[in-house]
Each structure stands twice: as structure tokens, then as C-alpha cells.
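Trainee: My questions concern the predicted model and sequence given below.
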Amino acid sequence: MLDAHRLLAAYETARAELLAARKGAPHWTGELSSSALSTATAISALELVRRGSRTRQRSGAQDAIPTLPRSGERGYGECADPLPLIERGLRWLVAAQNDDGGWGDTDRSLSNIATTMLARAAIEIAGRRTQHPALWARSEEYLAARGGIAGLRKRYGRDKTFAVPILANCALAGLVDWREVAALPFELACVPQSWYRFFRLPVVSYAIPALVAIGQARFVHRPPRSPLTRFVRRAAVERSLRVLLRMQPDSGGYLEATPLTSFVVMSLAGIGRGDHPVARRGVEFLLASARPDGSWPIDTNLAAWNTTLSMNALAAGGEDVAALGCTDWLLSCQHCVRHPFTGADAGGWGWSDLSGAVPDADDTAGALLALGKVIAGPAPARSRIRRSLRAVDLASTPPRSGERGYVDNERILDAAAAGIAWLLGLQNRDGGWPTFCRGWGKLPFDRSSTDISAHALRALHAWRQTLPRGMQTEIDRANLRGLRYLARSQRSDGSWAPLWFGNQHHPEEENPVYGTAKVLLAYRDLGMPNDPAAERGMAWLLVNQRADGGWGAAGLPAQAANRLPSSVEETALAVEAVLSANSPAAAAAAERGLLWLVEKVEKKGYLDCSPIGFYFAKLWYYEKLYPLIFTVSALGTAVSQISGAAPRSCL
């Protein structure tokens, strides 16, 4: 039995830590893990630009190093030459090699063939292979054991979004022949965006910049045999570069992502276009986003995503999130014009407030849920437990207009109506929701996914009663189709697999614990915990609880699974989902999971991050705030179930 006061103390500790993590800002920025893959691609891009600049300088060209900012400008380093930054990155990359000879995406990741190939390419392009013979030999053994180029293609299958850039990077390093790099139809970037979905592009929607830049590099280094194809592509070079420039955000970083931006910059530099405005701005982004230790993260930040997750987590414990003062900032992140990158309509939210973010279904759903909590105010449970929790950092009286924490309900309602309409318009024909664009195709991040669909259903349901009757009817139709999609997507064992999260110990690198928990939360919010699909999912979640009370990699034999550590992120998500069930088995499982989390809080282990996040194309990351946010949400949900007398048992 878990004592209720112990639970409350753990919740208060985690809650205080989460509130402090804002660091005085009106939002949560978070901190993404450093990435060996990002660092490798940035090194390759900067060195190729530097090499091209030196060549132009020797030829007497004006503005020989045009991509480097001057003193006082954004991205200016300790000198005009990026060599010190490259050297620092190389030292970090060399130190990041795993014992098996490969590289993983983070310092907590298993080695993978993609990152290993990119790390080797960076070392080769920078001319440092001979300085590290033992490192090079170990990496060659690692690649040979995993099939080399064939192994890379097996990893990504039909999706060329990441396999082609990796091979192009290796070709620029001279490690791979250009014949191994698939020709990308960059001329298709010249047609209207609304036509893209009809051409069955070999890359997903977000990779159009890579399609253009890498496609042009392949065209220059290995022109097609067909005279007609050569003519068409040669005619499309300048026009497709203008498309590339139009899609580039103010920061210079496509999607605020180091890998995508680096692939564009290195491809242009590799064909003598390092002085093109796209490459100039891309280099500025790379210089500005480098970390002091020489590494790069996969993306600048997930500020909007972290903020909505935090607001919803605090609301689960009954907090008055309107008093946090996040609302205006969150509303300012809504995209109010058609987006130049994907052509998405106005109304959605992206993962960050930065210019490179793109509106997507997951972040839009999170924002809508958070705004719904602002309108609703604190849950009744908050007043019941107020005597047990300190709330000095929350406003004690309603703020007035102009003061921090003031809520303009009309403005929120307008934003929510636009966001709901955006979500409704994104729903695919199969009833599910994709990440960015409706109907683009069946490649990852364009097809419907269970975790995003469940999130969208929760957001639609949260606003249904507030919106006009006509929109309520649309929501009802969308919910019915979405629930049918979830039922069809459920696996035979009762689980659901998500798109954006994985577990590196799972045989297929999937994370059914995350996916199943997220779908069960949708059934909970829609008042359908007894739906047959929900009951099968709950049964699967209970069966896969570890002997220690936590959750982690699933889909493994019990003995093997119990040898692997449970993670804070997966345990917290599973506990929150299990708390929605009413069976004795679920109650026992929830209490064991809560005890696991409480002990982690008491021993300061609840901040331990696991690389459960997928970025684009199986690129792993961890976020410093994830374990803290998920812990607050799970413990807060349990706290909200406590009656006013605070019984000795929390359940």
C-alpha cells in the first residue's frame, strides 16, 4: 500500500522542479540531447563550405568566405574561419564512438549503421582519418558486420528520405560511389505544392529541401543518360533553388533541424554553390546552433511541445494553469498564415516558437488541450488538496487585464476554433491523422499514425461542447472515423505502435508502451474505457508491467525484458493510462507503478532520461524535460483521484 501523504510529497517535489524549469520564462524550452548524427553532418557541411571558400580565395574571387558572419552578427564565433568549431566537433565525435566501433545518435544510444556512416564521412571530409587509425578500423568492422550499404538500405526500406542523404554525404567524402546514390527528381519541386501528393515522391513531405539539394548534387556528379532527363533537370536547377530559398525560414535552419540543414548545405557546397544564399543562411544556422562542447542537437528546441505537455501535466493534478502566464506565449505560437514549407493552412501549431517550426497535428492537439485547461480552470481536486501543497508560485487572486496570468477567453476561443478546423481538415481518408499533410502518401510521417490520431481525438472532444453546433457535428463525424481507425490499427496482441517514439531494445525499435498508453488516454477522455479495443489494450499494458513495477521495452520474453531497466517516461505514461481503469488488477498495477515512480522521486532518479524519442527517420533523441513532465502528469492524475480526507492508501 502506498501512503497517500508520500504520494503527495512526491508530487509536490516533481511539480516544484517542473515549475522551476521555466527559469523565469513564460514557457518551457527544455534541452534536447546532443546528437552524434547531427554533429557529424554539421562538420561535413562546414568543412565542405570552408574548402570551397578557400578554393575561391585562391582563385581571387571576391567575398571568398561569404557564409561566415562578422563580429557582432548572429553566429559569429571566436574567429572568421569555422575551423576551430570543426575541430571541437571532431573531438566530441571521436569521444562519442561506442565500444563496438559504431556510433549511436545520443550518448545513451546503441550504435546504428546510419550514424556510423555519417561519422566516418565527417572524419574523412575533415581529413582526420589517418590521425585515428584504431577508431577507423573498429568502425569498418562494425559496418562490415551490419552489411554496409545493403544494411543501410534494409534499415530504411522503400523510404529514401534518409538513406539517400546518408549515401550522398558518404559520396561527397569519397567513401561511396555516386552510382549508389539514387537520383532524386528535384524538378518536381517546381510544381505547385498541392500537386506533390500525386507524384508519389520517394521522400516524405518535410524532405523537399533535401530532394532539391541532394538531387542537384547527384545530377552534377552523375548526370542521367537520357538527354531528355538531362534537359529537364538542367532547366529546373535555378527554379528549384528559388523554391529552396522560399522555403528556408528566417533562422536559416530547415525545420530548425541540424541534419536536414546540413544535408542541404553540404550538397550545395559539393557542387560549388557554397556561396548561394541558401547555403549562406544554412551556415549561419549551424554556427549559431553549435554547443560549447562542440556538439549539435537534432533540433533547436521543442519549446511549444514542452510547454503544452507541462501545462497539461500540471492540469492533471488540478493546477490552475491559467495562472502560470503561458497563455499569451502559446497563442503567439499559432501559425496564422499559410506555411511556405508544407503549404499547410493557418490555424495549427508547431513544436517551437522559432521560424523553422512547421504546424503539425501532434503539437496542434497538445496546444488545444492546454488551452482547454486554461478555459476550464483548476479541477475540483485542486481545492481539496490545497492544504497539502504549496502554491505560492501560482497567483492567489484572479489577474486583471494586462497582468501576468490574465486570460482573454474570446481570444482563446477564436484560436481554438481555428485550431479545431485545422485538425478537422487534416484527417486522412482512412480516419486517422498524419503528422503534417493530408493525403501525401504511405511513407512515415505522411501516413496516419495511432499516437497522433489519439491525441487529435482528445483535442476535438475537449472543445466539442464549446464550439458551434455545426462544428460539433463535424467533430462527431471525425471522432467516429478516428475511433474506427484506432480499432483497425490495434495489433492482435492488443497493443498500438506509435510513430514518433521508440525503444531501442525492442526488436523493431518500436514503443508499444507509449503507443498503447496514448491511445488508452483517448478512450479515457472520450468516456469509453469499456470499449472492447480499450479493454484489450489495457490487458496488454497490465501483462507487460515489469517485475519491479515499471514499464520499458515490450515485445520481449519476460526474462529478457526484466533484465532491461524500466524507464521513467514509459512507466509514467503507463501509470496514467492504467489509472483510468476500474478493475482490481488495474488498481494493483497502478499502485505498483506509482510506488516505482515515488521511489524514483525520493532517490532523485526521476530526472533520468531515456532515448525514447524518434525524430525524423529513426533518429533517436532524449529530452531533458520528458521524464519530469510525464512524472508530474502521472502523479498528478493519482493525486486528483484522492478524496478530500486523503485516505491512507492512494487508491
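Mentor: Sure thing, it's come through.
Trainee: worst-scoring helix or strand of the protein, pLDDT-wise?
Mentor: In the chain, the helix or strand scored least confidently by mean pLDDT, DSSP states H and E is helix 380-384, which has a mean of 42.
Trainee: Which SSE is immediately downstream of it?
Mentor: Where DSSP states H and E defines the elements, the next helix or strand beyond helix 380-384 is helix 409-426.
Trainee: Show me what that next one is packed against.
Mentor: With contacts taken as 3 or more C-beta pairs under 8 Å, 6 or more residues apart in numbering; DSSP states H and E, helix 409-426 sits against helix 327-332, helix 361-376, helix 450-463, helix 469-489. From N, CA and C alone the C-beta is placed, and that goes for glycine too.
Trainee: Can you lay out these as JSON lines showing mean neighbour count and distance to Arg6?
Mentor: Output for the helices and strands packed on helix 409-426, formatted as JSON lines (neighbours: other C-beta atoms under 10 Å; distance: least, C-beta to C-beta, whole Å):
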{"stretch": "helix 327-332", "mean neighbour count": "18", "distance to Arg6": "33"}
{"stretch": "helix 361-376", "mean neighbour count": "24", "distance to Arg6": "27"}
{"stretch": "helix 450-463", "mean neighbour count": "25", "distance to Arg6": "30"}
{"stretch": "helix 469-489", "mean neighbour count": "16", "distance to Arg6": "36"}
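Trainee: Adding mean pLDDT and distance to Gly527 as columns, could you present those helices in CSV?
Mentor: Compiled in CSV, the helices and strands packed on helix 409-426 are given as follows (pLDDT from 0 to 100; distance: least, C-beta to C-beta, whole Å):
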stretch, mean pLDDT, distance to Gly527
helix 327-332, 96, 27
helix 361-376, 95, 16
helix 450-463, 97, 9
helix 469-489, 96, 11
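Trainee: Now distance to Leu426 too, for those, in CSV please.
Mentor: Listed next are the helices and strands packed on helix 409-426 as CSV, based on distance: least, C-beta to C-beta, whole Å:
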stretch, distance to Leu426
helix 327-332, 20
helix 361-376, 6
helix 450-463, 8
helix 469-489, 10
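Trainee: Out of the ones you listed, the one nearest Gly89 is which?
Mentor: helix 361-376 (29.8 Å; C-beta to C-beta).
Trainee: which helices and strands sit right next to that closest one?
Mentor: If contacts are counted by 3+ C-beta pairs under 8 Å, 6+ apart, helix 361-376 sits against helix 303-316, helix 327-332, helix 409-426, helix 450-463.
Trainee: Can I get the second one as CSV, trimmed to CA atoms?
Mentor: As requested, C-alpha coordinates have been extracted for helix 327-332 and formatted as CSV (Å, rounded to 0.1, in the frame of the first residue of the first chain):
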residue,chain,number,x,y,z
THR,A,327,-1.3,31.6,-22.5
ASP,A,328,-0.3,34.6,-24.4
TRP,A,329,3.0,33.0,-25.4
LEU,A,330,1.2,29.8,-26.5
LEU,A,331,-1.3,31.8,-28.6
SER,A,332,1.6,33.7,-30.2
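Trainee: Show me the domain layout of the chain.
Mentor: Following automatic domain parsing, one gets these domains for the chain: 4-32+301-393+401-640, 34-297.
Trainee: what about the last one, distance to the chain center?
Mentor: The offset between the C-alpha centroid of domain 34-297 and the centroid of the whole chain comes to 20 Å, using C-alpha atoms, centre = their mean, to the nearest Å.
Trainee: Now do the end-to-end distance for it.
Mentor: End-to-end span of domain 34-297 (C-alpha to C-alpha, to the nearest Å): 4 Å.
Trainee: dump the residue contacts of Ile475.
Mentor: The contact partners of Ile475, taken as C-beta atoms under 8 Å, 6 or more residues apart in numbering, are Ile420, Leu424, Leu460, His461, Trp463, Arg464, Leu467.
Trainee: farthest-separated two in these?
Mentor: Leu424 and His461 (12.7 Å).
Trainee: Distance check, the closest residue to Ile420 other than its chain neighbours against Ala418.
Mentor: The shortest distance from Ile420 to any residue other than its chain neighbours is 5.5 Å, reached at Trp463 (C-beta to C-beta, 6 or more residues apart in numbering). Distance check for Trp463 against Ala418: by C-beta to C-beta, to the nearest Å, it reads 11 Å.
Trainee: what comes up buried for the helix ranked longest in the chain?
Mentor: Identified as the longest helix of the chain according to DSSP state H is helix 36-58. By 16 or more other C-beta atoms under 10 Å, the buried positions in helix 36-58 come out as 36-50, 52-53, 56.
Trainee: can you check stretch 316-325 too?
Mentor: The neighbour-count criterion (16+ other C-beta under 10 Å) identifies Ala316, Gly317, Gly318, Glu319, Asp320, Val321, Ala322, Ala323, Leu324, Gly325 as the buried residues of stretch 316-325.
Trainee: Next: stretch 292-306.
Mentor: The neighbour-count check on stretch 292-306 (16+ other C-beta under 10 Å) flags 294-306 as buried.
Trainee: For the residues you listed, work out which two are farthest apart.
Mentor: Of all pairs drawn from the buried residues of stretch 292-306, the widest gap by C-beta to C-beta lies between Gly294 and Ala304 and measures 27.8 Å.
Trainee: Can you spell out which helices and strands pack onto the host helix or strand of Val639?
Mentor: With secondary structure defined by DSSP H and E, Val639 is part of helix 626-640. Using 3+ C-beta pairs under 8 Å, 6+ apart as the contact definition, the elements that helix 626-640 packs against are helix 4-20, helix 303-316, helix 568-578, helix 584-602.
Trainee: Turn these into TSV, columns for mean pLDDT and distance to Ala517.
Mentor: Converted to TSV, those look like this (pLDDT from 0 to 100; distance: least, C-beta to C-beta, whole Å):
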stretch	mean pLDDT	distance to Ala517
helix 4-20	95	18
helix 303-316	98	14
helix 568-578	98	4
helix 584-602	96	11
